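[1] Model the structure of this input:
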Amino acid sequence: MVHAQFDPTARQALAVAAVDAKDRKDLTWQEIADAAGLSAAFTTAAVLGQHALPAPAAKAVAGLLGLDEDAERLLRTIPTRGSLDGAVPTDPTIYRFYEMLQVYGTTLKALVHEEFGDGIISAINFRLDVKKAADPEGGERAVITLDGKYLPTRPF
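    Purely as a prediction, here's the structure:
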């Protein structure tokens, strides 16, 4: 049976324990995702408390990280999503994403609506990918792909 959480506290504590186990075992997110049989982005989000893992993936992740049956069960529950409180983020990496949305959020909205019409981009039927690319001017660039299904607004 599928179960949902209404208090994120247990899932937050599990995320802390899972990251600690990941660090102690010197694992990458990709190695954990490979064990789960899912993408690195989805698996990472799930371990950090933002998605439920299918039973076989939860078992594999819990086993790899050395987590107990309660943790495995919790990895399968539908979480209370949202990892940030209402304040402006202070972590520099997260803040830069916040800044990008502050600067380009209305532009993205205008371009999406011009292309698709009134609606939203799903964060449920969604793919995320992060790649490193060489910068022709030197250094490296982060290439982030957000790929969500477009859901039109339907009058009722």
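[2] Could you check the lengthiest helix in the chain and say which residues are buried?
    Among the segments of the chain that qualify as a helix by DSSP state H, the longest is helix 92-116. When neighbours are counted by 16 or more other C-beta atoms under 10 Å, the buried residues of helix 92-116 are found to be 98, 112. Placement of C-beta: from N, CA and C, glycine included.
[3] Residues contacting the helix or strand of the chain with the lowest mean pLDDT, please?
    Within the chain, no helix or strand scores below helix 92-116, which has a mean of 91 by mean pLDDT, DSSP states H and E. For helix 92-116, the external contacting residues (C-beta atoms under 8 Å, 6 or more residues apart in numbering) are 84, 88-89, 119, 121, 150, 152.
[4] Under a three-state scheme, what state does the spatially most central residue of the chain occupy?
    Nearest residue to the geometric centre of the chain (C-alpha atoms, centre = their mean): Ala45, 3.2 Å. Secondary structure, DSSP: H, G, I helix; E, B strand; the rest coil: Ala45 is helix.
[5] Quick one: residues contacting it.
    Going by C-beta under 8 Å, 6+ apart, Ala45 touches 51, 128.
[6] roughly how far apart are it and His51?
    Taking C-beta to C-beta, to the nearest Å as the measure, Ala45 falls 5 Å from His51.
[7] thinking again about what came up before, just the pLDDT for the residue nearest to the centre of the chain.
    Looking at Ala45, its pLDDT is 92.
[8] now swap in Gly86 and tell me
    On pLDDT, Gly86 comes in at 80.
[9] Near it, how many other residues are there?
    By the criterion of other C-beta atoms under 10 Å, Gly86 has 5 neighbours.
[10] Gly119 now?
    For Gly119, the neighbour count with other C-beta under 10 Å is 13.
[11] one step back: by neighbours, which of the contacts of helix 92-116 wins?
    With neighbours taken as other C-beta under 10 Å, the top of the contacts of helix 92-116 is Ile121, carrying 16 neighbours.
[12] That one touches Lys149, doesn't it?
    Yes - between Ile121 and Lys149 there is a contact under C-beta atoms under 8 Å: 7.3 Å.
[13] Need the residues touching each of the two.
    By C-beta under 8 Å, 6+ apart, no residue touches both Ile121 and Lys149.
[14] State which strand of this structure is the longest.
    In the chain, taking DSSP state E as the definition, the longest strand is strand 119-134.
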